[in-house]
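> what shape does this take:
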Amino acid sequence: QLVESGGGLVQAGGSLRLSCVSSILTLDYYSIAWFRQAPGKEREGVSCIGFSGGGTMYVDSVKGRFLISRDNAKNIVYLQMNNLKPEDTAIYYCAAAYKLRCGYDPDFFVSWGQGTQVTVSS
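Predicted coordinates:
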């Protein structure tokens, strides 16, 4: 029910913008989080935007570099990633939690995308 796009290969210091869309869910009713999973590592929550005008949160490693936003008219949530580092390399997933405050407990998320690969070269 969620589809991510925008991943790719970029050099360190570059930027990418990920998109999360749904043709079924009205995303404004959901808190949307971005997770990532690198090879051999556990999945981690990266950023979240609350439902219906709720706030945002970021993991410390991306603060000041990533920006999460939503366009309700287009039913899209974005993750703008700037000053990318090789350690940002991972598969990025978006997930939706219905009318719940932002957080990264995967049990709260009812819908997940298939993921988009982000690779940052040094």
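> can we go C-alpha only for contacts and neighbour counts from here?
Fine.
> please report how far the spatially most central residue of the chain lies from residue 122.
Nearest to the mean C-alpha position of the chain, by CA atoms, centre = their mean, lies residue 34 at 2.5 Å. As judged by CA to CA, to the nearest Å, residue 34 and residue 122 stand 23 Å apart.
> same check, this time on residue 93
23 Å.
> more neighbours, the two?
Taking neighbours as other CA atoms under 10 Å, residue 93 and residue 122 compare with residue 93 leading, 26 against 11.
> quick one: the strands in the chain?
3-5, 8-11, 16-21, 30-37, 44-49, 56-58, 66-71, 76-81, 90-98, 111-112, 116-121 (DSSP state E).
> partner strands of the longest one, parallel or antiparallel?
Which is strand 90-98. When pairing is defined by DSSP bridges, strand 90-98 lines up against strand 30-37 (antiparallel), strand 111-112 (antiparallel), strand 116-121 (antiparallel).
> with the first one instead?
According to DSSP bridges, the neighbouring strands of strand 3-5, each with its direction, are strand 16-21 (antiparallel).
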